[in-house]
Every structure is written in structure tokens, then in C-alpha cells.
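Participant: Fold the following.
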Amino acid sequence: MLVQFDESGHHLTISLPVEFDRPDPFKRNCLVVVSPHAPGTLSQFNALENERERLASIKSVESWSQSGYQSLSMRGKLVDEDFRDSRHLLTSGGKKVAHVVATKIIEMNNSLYAHHATSNVH
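Facilitator: Okay, here's the model as predicted:
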């Protein structure tokens with residue numbers, strides 16, 4: 001995914017690489033997880049950098065969703081103690097991600113089966 005800001009730092013453009021383009025029936029079965037920097041790292045950013053990080057997270061999830069993929073953000077769901085460093089998770093962070101992902105997969109599965117059940121009704 002390519003994330004670009006204009007010279008003012010406020011306008012964000014996101015483009016998905018061609019290699020991520022899948023046939024539509026497969027997209028709804030794919031889950032993209034957008035992960036933030038550790039909160040302690042974010043606290044070292046200035047206001048503009050924090051706003052860029054926040055916007056990039058929001059727009060990434062929106063872009064994946066608008067492209068037909070299932071997506072979610074881990075922003076706000078992890079604390080400093082879940083990270084080994086600015087980007088790498090410790091066991092506690094991995095467990096939180098696993099729980100959020102498992103919950104979303106169950107939701108996706110239920111939705112898929114509900115769709116199949118209603119489309120097979122004669």
C-alpha cells in the first residue's frame with residue numbers, strides 16, 4: 001500500500017498495489033489488519049506527525065474496505081506494554097491481535113454462511 005501526503009502534509013492519497021487486486025469473490029474472504037506504532041513511539045511524534053499517522057490508519061482501513069476487502073485497525077487496542085519496540089509485539093500484544101482477528105473472522109464466517117443460506121432458499 002502506498003501512502004502519500006501532499007506538501008502541506010494534510011492531503012492523503014492511498015493506492016493499493018496491483019498485486020493485491022483479487023477477484024471480488026475472494027476479496028470478501030480476505031482480512032487486512034492495520035497495525036499502529038506503539039503508543040510510546042506516537043508520543044514522540046509532533047502534532048503533524050501524529051495526525052498523519054492517525055489519518056493513514058483510518059484511510060488505510062477505508063481504502064481496503066472500499067476495494068472490497070475486510071479490514072480492521074488495531075489503533076487504540078494496544079498499549080506500550082504490548083510492544084517489544086516501536087513496531088514488534090510481545091506475547092500480550094499478540095494475544096490481543098489474535099482475539100480481535102478471531103472475533104472478526106467469526107463475524108466474517110457468520111456473514112458468509114448467512115449469505116449462502118439466503119441465496120440457496122427456493
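Participant: give me phi/psi at residue 71?
Facilitator: Dihedral angles of residue 71 (phi, psi; degrees, to the nearest 10) stand at phi -150, psi 160.
Participant: Could you do residue 83 as well?
Facilitator: Backbone dihedrals for residue 83, given as degrees, to the nearest 10, come out at phi -110, psi 140.
Participant: wait, what's in contact with it?
Facilitator: By CB atoms under 8 Å, 6 or more residues apart in numbering, the contact set of residue 83 is 38, 40, 89-90, 93. The C-beta positions use only the backbone N, C-alpha and C, and glycine is treated the same way.
Participant: one more time with 6 Å, if that's ok
Facilitator: In this structure, residue 83 makes contact with 38, 93, judged by CB atoms under 6 Å, 6 or more residues apart in numbering.
Participant: How about it: which residues does it bridge to?
Facilitator: Counting by DSSP bridges, residue 83 forms beta bridges with residue 89.
Participant: so what's the most centrally placed residue in the chain scoring on pLDDT?
Facilitator: Ranked by distance to the mean C-alpha position of the chain (CA atoms, centre = their mean), the top residue is residue 34 at 2.7 Å. In this model, residue 34 is scored at 89, pLDDT.
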